[in-house]
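Colleague: coordinates for the following, if possible.
(chains A, B and C)
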Amino acid sequence: MTFGVSSARSGMESAGSDTIQELTVEELRAKYGSGMEIEDEEHMLLSMGPQHPSTHGVLRLLVELDGETVVNLAPDIGFLHTGIEKNMEAKTYTKALVMTDRMDYLAPLSNNLAYVLAVEKLLGIEAPPRAQAIRVILTELTRLNSHLVWLGTHALDLAAMSVFLYCFREREYLLDVFEMCSGQRMMTSYFRPGGVWRDLPEEFEPAVRQFLDFFPARIADYEALLRDNPIFLERTKGVGVVTAEDAVAWGLTGGNLRGSGVEWDLRKAKPYSGYEQYEFDVPTETEGDVYARYRVRMEEMRQSLRIIEQALDNLPDGPFLVEDRKIVPPPRSELGRSMEAVIHHFKLWTEGFSAPEGYIYQAVESPRGELGCYLRGDGSPKPARVHFRAPSFVNLASLPRMAKGQFVADLVAIIGSIDIVLGEIDR
Amino acid sequence: MEQGPMTPSATHAEESNRLIREKVEAAFPEAILDVYDFRGERTLIVAQPHLKEICQFLRDDDALQFNLLEDIVADDMLPDFPRFAVNYHLYSIPKNHRIRLRVPVEDPEEGPETVASLWPIATWLETEVWDLMGIRFQGNDSLRRLFLPEDWQGHPLRKDYPLGYEQVQFSFNWEAIEAKKPSPQD
Amino acid sequence: MGVEQKLGEMGIVTARLEDLVNWGRSNAMWPMLFGLACCAIEMMSTQAAHYDASRFGMELMRPSPRQSDVMIVAGRVSRKMAPVLRRLYDQMPAPKWVIAMGDCASCGGVFNNYAIVQGVDEVVPVDVYVAGCPPRPEALLDGIMSLHEKVRGEKLQDWA
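Modeller: This is a model prediction of the structure:
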């Protein structure tokens, strides 16, 4: 079985050699058509190519247009395929954690959480309460982070540029908080199997409390800019409607599903990491259009603030890592005194901990929907199969249904409202 | 006990697992090959010919109502036999329970029948499985390259496919690798 | 540089041609929007208000290659994307420069497997490599300023 015919070198040669004149229309359609059924030969085929300011990543859409109306649509993905699932099989469980950050790169701690909870489920351990509370706080901060980027880029596509700059200003504060905890702004890898990497620093709580003080007013600012803006309303109301039955049949989850009237949130339905202790609402709207999804996500930001406040008020004391030395490395202060600590440290860093045989599935509610991790262990220190159920991958399949019959300009609004991240789609 | 979509409880999972298994075994006694319980999750291992009717039953039955197909995951169990297995993760939003169906697949060219008529998202998920693992689903004729370039050969997630590790450019092999890179005159 | 030589009060300054051209090129370099993955978010942060890249002349991010000078390859380049990258690079008019932002664009980064091109310099010639995963906005600005220094050091024989 041969592998990999097209390398970068051969890609370079073929990029120069095939010109439009050499292929017939049928050949062009077969080569670039992404398997889409062309409705009518007279329609125009537009390739919204991988490099485009509004596609939120390297997504290629093949759009069949009748004038300005979209007749048919096929997404062409794979321009960011990284082979993460295969690469994680070659690394130990802890080293593979680093790769999970880079999938959904707008909410890296969410991916960390899904993977770490899956590993803990496979091992049969549970993180201590302090670690669970820390995880909840940071995951909700990540949700805010992700929704801010969504809002900024969505508004930027609809030509509201100041919202983009404001959102990134809030993000800087949150990224400083992440850097305070873990040393890294974005790809933190802060959650580890068994707990979190290290305890929260002292500056964390005042910083987050200050954030909780000023942020609600900022959300009100953004809403004031967009909610009653006639241009925004014109471009988002009634656009990209999806009904509740369609949404469930097509696997939509997250804000997209709640915007169509189905009230379902994994944090309430199948709680994980201590979410059952916190009180929060699940915003739901019924219209199913872009404006409904916008309102759902704005309200989700407010609910996240509630959760963070409750978690911070009730932050329990205690260890932040499970006590099992076979899984969790000993603190460095012990290494000078105890021989077992040195042995455990050595074993964990050279070989890694072994997981039992078996397969599990763990799902969390990421800002985009249900992020699931299917993990199979086979007794060795490396995972035998890791698969991530990426919410953006499944949500993207609804795009043709949402966009048929709409204008090309509406297509940009619809893509923004589904909130896709190509790193997650292509893995 | 009446459970809404968002009322969880620990015993609810066991109750629903038991209920699901009873109903499926009553309706399709010969289809279930095995039941696998691990960490509170139940997997029904079903034979390949019966998959679609079991899925239809699970979706349409009033007490079960599995209306969300969460994911289709393919697994390569080399060197075990049968080599491949396809997992279907089903979830019921009204009843708030989850089940996994696992179908052992011996020949990747003769995979299970597509469930796209029950949950339309299955077409997309099965295309991903074919692209990366090479299991062909009967009745799904839009199986094409999704993640990889169109002329790629092989299915990367299989265990006998190499990782494709490239040599890292250190000082001892600097010249050799640098010679293959394009220069500004290209 | 003969900028200080003013001929009388007529307001004429003299300088070498290559200094003027290099100064013009470096102070108004327009980047092409080529954000692929996570580094793109840090590139957007660099363009946003806190770490403002417009201070360095990069006011606009042009999506069109015909109107841009520098291509900041931000993110991992997969095998499917490599021909697209090369085609866009070819479409940019000279003078053009490439900044490889991040570890994945410089050397393949964390991912050494079948799907990722190990360093974008296997596809296009790179001028500046910025390390980091993702690099901080300050690191990217340092890379941009290194590119400006490199451009200011270019000689007439290179481009005339």
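Colleague: how near is the nearest residue to C:Met145 once chain neighbours are set aside to C:Pro137?
Modeller: On the basis of C-beta to C-beta, 6 or more residues apart in numbering or on different chains, the spatially nearest residue to C:Met145 that is not a chain neighbour turns out to be C:Phe56, at 7.0 Å. C-betas here are computed from N, CA, C, even on glycine. C:Phe56 sits at a distance of 12 Å from C:Pro137 (criterion: C-beta to C-beta, to the nearest Å).
Colleague: now do B:Pro82
Modeller: Counting by C-beta to C-beta, the separation of B:Pro82 from C:Pro137 is 52 Å.
Colleague: now A:Ala217
Modeller: As judged by C-beta to C-beta, A:Ala217 and C:Pro137 stand 26 Å apart.
Colleague: now do A:Val322
Modeller: 36 Å.
Colleague: got it, and A:Val248?
Modeller: With distances defined as C-beta to C-beta, the gap from A:Val248 to C:Pro137 amounts to 41 Å.
Colleague: do B:Asp37 as well
Modeller: In terms of C-beta to C-beta, B:Asp37 sits 50 Å off from C:Pro137.
Colleague: which of the two has more residues huddled nearby?
Modeller: Regarding B:Asp37 and C:Pro137, a neighbour count based on other C-beta atoms under 10 Å in any protein chain shown identifies C:Pro137 as having more, with 22 against 12.
Colleague: that one contacts C:Ser45, doesn't it?
Modeller: Yes: distance between C:Pro137 and C:Ser45: 5.2 Å, which falls inside the contact criterion (C-beta atoms under 8 Å).
Colleague: got the contact list for the residue positioned nearest the centre of chain A?
Modeller: The centre of chain A sits closest to A:Asp104, judged by C-alpha atoms, centre = their mean, with a distance of 3.9 Å. Under the criterion of C-beta atoms under 8 Å, 6 or more residues apart in numbering or on different chains, the contact partners of A:Asp104 comprise A:110-111, A:146, A:366, A:368, A:371, A:390, A:392, A:421, A:423-424.
Colleague: now with 7 Å, please.
Modeller: Under the criterion of C-beta atoms under 7 Å, 6 or more residues apart in numbering or on different chains, the contact list for A:Asp104 reads A:110-111, A:366, A:368, A:421, A:423-424.
Colleague: minimum distance to chain B, which residue of chain C gives it?
Modeller: In chain C, no residue comes nearer to chain B than C:Tyr114, which is 2.9 Å away by C-beta to the nearest C-beta.
Colleague: count of neighbours near that residue?
Modeller: If you count neighbours by other C-beta under 10 Å, C:Tyr114 ends up with 23.
Colleague: which residue is the nearest non-sequential neighbour of it?
Modeller: The shortest distance from C:Tyr114 to any non-neighbouring residue, by C-beta to C-beta, 6+ apart, is to B:Gly164 (2.9 Å).
Colleague: which parts of chain B sit against chain A?
Modeller: Residues of chain B found near chain A, taking C-beta under 7 Å from any C-beta of the partner chain as the criterion, are B:5-6, B:8, B:38-39, B:41, B:67-71, B:73, B:75, B:87, B:89, B:93, B:96, B:100, B:119-121, B:124, B:142, B:144, B:146-149, B:151-154, B:156-157, B:161-164.
Colleague: can you tell me who A:Thr69 pairs with across the strands?
Modeller: A:Asp66, A:Phe407 (DSSP bridges).
Colleague: hmm, A:Phe407 and it touching each other?
Modeller: Yes: counting by C-beta atoms under 7 Å, A:Thr69 does reach A:Phe407; the two are 6.2 Å apart.
Colleague: could you check which helix or strand contains the residue most central in space within chain B?
Modeller: Within chain B, one residue has its C-alpha closest to the average C-alpha position: by C-alpha atoms, centre = their mean, that is B:Val73, at 1.9 Å. B:Val73 is located in strand B:68-76, with elements delineated by DSSP states H and E.
Colleague: packing partners for the following helix or strand past that strand?
Modeller: Next in sequence after strand B:68-76, counting helices and strands by DSSP H and E, comes strand B:84-92. For strand B:84-92, the helices and strands in contact under the criterion 3 or more C-beta pairs under 7 Å, 6 or more residues apart in numbering or on different chains; DSSP states H and E are strand B:68-76, strand B:97-105.
Colleague: possible to save the ones you listed as TSV with mean pLDDT?
Modeller: As requested, the helices and strands packed on strand B:84-92 are exported to TSV (pLDDT from 0 to 100):
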stretch	mean pLDDT
strand B:68-76	89
strand B:97-105	88
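Colleague: against which helices or strands is the longest helix along chain C packed?
Modeller: Criterion DSSP state H: the longest helix present in chain C is helix C:137-152. Taking 3+ C-beta pairs under 7 Å, 6+ apart as contact, the helices and strands that helix C:137-152 lies on are helix C:17-27, helix C:38-47, strand C:97-101, strand C:128-130.
Colleague: hmm, who's touching the longest one?
Modeller: Outside of helix C:17-27, the residues that reach it under the criterion C-beta under 7 Å, 6+ apart are C:1, C:57, C:95, C:148, C:151-152, C:154-156.
Colleague: the same query, at a cut-off of 8 Å, please.
Modeller: Contact partners of helix C:17-27, identified using C-beta under 8 Å, 6+ apart, comprise C:1, C:56-57, C:69, C:95, C:147-148, C:151-156, C:159.
Colleague: do you know the pLDDT at the closest residue to C:Ser68 other than its chain neighbours?
Modeller: When the adjacent residues along the chain are set aside, C:Ser68 lies closest to C:Met32, with 3.7 Å between them (C-beta to C-beta, 6+ apart). Here, the pLDDT recorded for C:Met32 equals 86.
Colleague: any residue of the strand holding B:Val73 up close to chain C?
Modeller: No: taking C-beta under 8 Å from any C-beta of the partner chain as the criterion, strand B:68-76 and chain C are apart, separated by no less than 15.7 Å.
Colleague: picking up where we left off before, what is the burial count for the residue nearest to C:Ser68?
Modeller: Considering only other C-beta under 10 Å, C:Met32 is surrounded by 25 other residues.
Colleague: which phi and psi does it have?
Modeller: phi -90, psi 140 (degrees, to the nearest 10).
Colleague: just to check, it is in contact with C:Leu60?
Modeller: No: with contact defined as C-beta under 8 Å, C:Met32 does not count as touching C:Leu60 (10.3 Å).
Colleague: which residue sits closest to C:Ile41, ignoring its sequence neighbours?
Modeller: For C:Ile41, the nearest residue in space outside its immediate sequence neighbours is A:Tyr105; the separation is 6.3 Å by C-beta to C-beta, 6+ apart.
Colleague: what about the one you found, which SS state?
Modeller: Assigned with DSSP: H, G, I helix; E, B strand; the rest coil, A:Tyr105 falls in the coil class.
Colleague: centre-most residue in chain C?
Modeller: Note on chain C: the residue nearest the mean C-alpha position is C:Val70, at 3.9 Å, using C-alpha atoms, centre = their mean.
Colleague: for that one, phi and psi?
Modeller: C:Val70 adopts backbone torsions of phi -120, psi 140, taken as degrees, to the nearest 10.
Colleague: which other helices and strands contact the strand holding B:Val73?
Modeller: Contacts of strand B:68-76 with other secondary structure elements, assessed using 3 or more C-beta pairs under 8 Å, 6 or more residues apart in numbering or on different chains; DSSP states H and E, are made with strand A:358-366, strand A:369-377, strand A:385-389, strand B:84-92, helix B:122-133.
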